[in-house]
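S.K.: sharing a model prediction with you, sequence too.
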There are 2 protein chains.
Amino acid sequence: MHSPMKNVLARKLWNAGRLASEDLKKLDDVIADPFQLDAREDLIQHGEDPQNVHLVLSGMVCRYKVLQNGKRAIVALMLPGDICDLHVAILGRMDHSIGTLTECSLVKISRGVIEDLLDNYPRIRRALFWSTLVDEAILREWLVNMGRRRADKQMAHLFCEVHARLTAVNRMHDALMPLTQEELADILGVSTVHAQRVLSELRNQGLVTVQDSRVAVPDIVRLRQFAEFEGDYLHLEHAAAE
Amino acid sequence: MHSPMKNVLARKLWNAGRLASEDLKKLDDVIADPFQLDAREDLIQHGEDPQNVHLVLSGMVCRYKVLQNGKRAIVALMLPGDICDLHVAILGRMDHSIGTLTECSLVKISRGVIEDLLDNYPRIRRALFWSTLVDEAILREWLVNMGRRRADKQMAHLFCEVHARLTAVNRMHDALMPLTQEELADILGVSTVHAQRVLSELRNQGLVTVQDSRVAVPDIVRLRQFAEFEGDYLHLEHAAAE
DNA sequence: GTTCTCACCCAACAATTGTTGGAGACGAAA
DNA sequence: TTTCGTCTCCAACAATTGTTGGGTGAGAAC
């Protein structure tokens, strides 16, 4: 890394292209008053019309929908540096819910601040636009993953993605995926039992290790091969190499 | 409808909120020089870095990815009034391809025109932003659909969505879904044979009719019930009632 | 007309995934 | 300690979906 860059948001937006020092300073101002949340708490619920935007500093947050039959589908993961709902002002009523998966540290950002960023900081505006487009690209990849790959490859692919995204913001310290098997199943769109079956297979093949519900990857290159992971959809070409 | 509104793009953006007459006039200027394309031709291929944006006037266009095993996954449908790639300028290399499914009439829009719209027509800017957010919401719904619903409900849900989207731009004239069963399968993420199985079930139950590879819906209310379709994710609340 | 291709259709079988029911481990609460 | 709840893990069986192979019909090419 060229700079230590403690600010996760700045680190994330850095991936979209260079930012000037005034941009970085502004982003530091934005991150004020972080607050903690326990695991499994809702930030925003389906049908609400929220006024704030949330930035993830640490932990893991998800978007999810609950179906008529009670099943839950997790449709996105938000990691440190991710903004949960940039578009709150445009779409009106939420068509899904947002909740924490782990303990989290978050920052509320008001609509006014966002608009200030968008209006007066062109490089930041471009970077924020970039990040919503990457979110869309990730959604497309999940769709491919779910529709056309078997559950074992799909799970491996998910681990590769989270690994890459955490690495891209320098948060790939320890184990990734501190999730229960039920949550994993809700992401992959399979039953809990099947998620457990598949996870234990990956473990048997030495592709991942699990300790205390935490998945670790001993050999990311091997896992990527197994998953046929190609990270171009994350559009991290500007990122500093590790 | 309050106005005849021949312009599909205007009709579509109307769903985001009211536009002034100067906006409508500007949108008429944008639609110049439409051109035709046959079914199954590529507009943009994976890896390219295109300079133009395409607007669909008639026909059906899709985004798709091809996997290492040769399988194809269709990850989005673009209908009349949809803009294929508003974000071309930001993300650089395409992480997927775009191709026609049917004969199409399209318009090329240059980056300069798009930037003019975004800079100088705030209502249009907001509407375009709205439309990309709706695209994202559709992607989320497809993910839910694929992961948590059986193939018959999933297919019915797709038909409901296309019906609603065509209705929203006043293009729900005749049959929807002029697709081969292979294309249908590539959308749903199932095998061709299974797509055919499921389609014939829907037909047996009288939920759809098929003629010349074209699906028609005799009773949309019944189909919606079967599919458990809730259209809120399309965010059409501003749309004029039919 | 004949041949070729392509889409649709169908059946039998195989692979994947879901469901049910239950056991063991662990921590929190009583 | 005991109880309770939650998570992991496992096995047997059921449902869904994929694969293979083949048949039909319509239109295009010859």
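M.R.: Thanks, I have it. Numbers count the residues shown, from 1 in each chain, chains lettered A, B, ... in the order given.
S.K.: which secondary structure elements does the helix or strand bottoming out on mean pLDDT in chain A contact?
M.R.: Every helix and strand in chain A was compared by mean pLDDT, DSSP states H and E; the lowest is helix A:88-91, with a mean of 76. Counting contacts by 3 or more Cβ pairs under 8 Å, 6 or more residues apart in numbering or on different chains; DSSP states H and E, the secondary-structure elements packed against helix A:88-91 are helix A:111-120, helix B:122-148. Using the backbone N, CA and C atoms, a C-beta is placed for each residue, glycine as well.
S.K.: any idea how far residue A:26 is from DNA strand D?
M.R.: Using Cβ to the nearest atom of the strand, to the nearest Å, residue A:26 is found at 40 Å from DNA strand D.
S.K.: contacting residues around that residue?
M.R.: Under the criterion of Cβ atoms under 8 Å, 6 or more residues apart in numbering or on different chains, the neighbours of residue A:26 are A:117, A:121, A:124.
S.K.: if you compare the helices and strands packed on helix A:88-91, which one is most tucked away?
M.R.: Of all the helices and strands packed on helix A:88-91, helix B:122-148 has the most neighbours on average by mean count of other Cβ atoms under 10 Å in any protein chain shown, namely a mean of 21.
S.K.: is any residue of that one near DNA strand C?
M.R.: No - looking at helix B:122-148 against DNA strand C by Cβ under 7 Å from any atom of the strand, there are no contacts, and the closest approach is 8.0 Å.
S.K.: compute the inter-axis angle for that helix and helix B:111-120.
M.R.: On the basis of axes from the mean of the first three to the mean of the last three Cα atoms, to 10 degrees, helix B:122-148 is oriented at 110 degrees to helix B:111-120.
S.K.: picking up where we left off before, possible to save the contacts of residue A:26 as JSON lines with distance to chain B and pLDDT?
M.R.: Below are the contacts of residue A:26 laid out as JSON lines (distance: Cβ to the nearest Cβ, whole Å; pLDDT from 0 to 100):
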{"residue": "A:117", "distance to chain B": "15", "pLDDT": "91"}
{"residue": "A:121", "distance to chain B": "16", "pLDDT": "91"}
{"residue": "A:124", "distance to chain B": "13", "pLDDT": "92"}
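S.K.: would you turn the helices and strands packed on helix A:88-91 into TSV with distance to residue A:236?
M.R.: Rendered in TSV, the data for these read as follows (distance: least, Cβ to Cβ, whole Å):
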stretch	distance to residue A:236
helix A:111-120	22
helix B:122-148	20
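S.K.: how about those, which one is nearest residue A:234?
M.R.: helix B:122-148 (16.0 Å; Cβ to Cβ).
S.K.: near DNA strand D, anything from the closest one?
M.R.: No - Helix B:122-148 is not in contact with DNA strand D by Cβ under 7 Å from any atom of the strand; minimum separation 9.5 Å.
S.K.: then stretch A:190-207?
M.R.: Yes - where contact is defined by Cβ under 7 Å from any atom of the strand, part of stretch A:190-207 touches DNA strand D, namely A:192, A:193, A:196, A:199, A:200.
S.K.: before we move on, back to that, closest to residue B:219 among the contacts of residue A:26?
M.R.: Ranking the contacts of residue A:26 by separation from residue B:219, with Cβ to Cβ as the measure, puts residue A:117 on top at 48.7 Å.
S.K.: low-confidence ranges in chain A?
M.R.: When residues are selected by pLDDT under 70, those of chain A lie in A:1-4, A:174-175, A:238-242.
S.K.: the residue in it that DNA strand D sits nearest to: what's it in contact with?
M.R.: With Cβ to the nearest atom of the strand as the measure, residue A:181 is the residue of chain A nearest to DNA strand D, at 3.4 Å. Residues counted as contacts of residue A:181 (Cβ under 8 Å, 6+ apart) are A:192, A:195, A:196, A:199, A:213.
S.K.: one more time with 6 Å
M.R.: Contacts for residue A:181 were tallied using Cβ atoms under 6 Å, 6 or more residues apart in numbering or on different chains; they are A:192, A:195, A:196.
S.K.: from these, which ones fall inside helices?
M.R.: When the contacts of residue A:181 are checked against helices (DSSP state H), the matches are A:192, A:195, A:196.
S.K.: who wins on neighbours among these?
M.R.: Ranked by neighbour count under the definition other Cβ atoms under 10 Å in any protein chain shown, the ones in helices among the contacts of residue A:181 are headed by residue A:195 with 23 neighbours.
S.K.: nearest residue to that residue other than its sequence neighbours?
M.R.: Ranked by Cβ to Cβ, 6 or more residues apart in numbering or on different chains and with sequence neighbours excluded, the top spatial neighbour of residue A:195 is residue A:185, at 3.8 Å.
S.K.: the one you found belongs to a strand, doesn't it?
M.R.: No - assessed by DSSP: H, G, I helix; E, B strand; the rest coil, residue A:185 does not belong to a strand; its assignment is helix.
S.K.: give me the neighbour count for it.
M.R.: With neighbours defined by other Cβ under 10 Å, the count for residue A:185 comes to 25.
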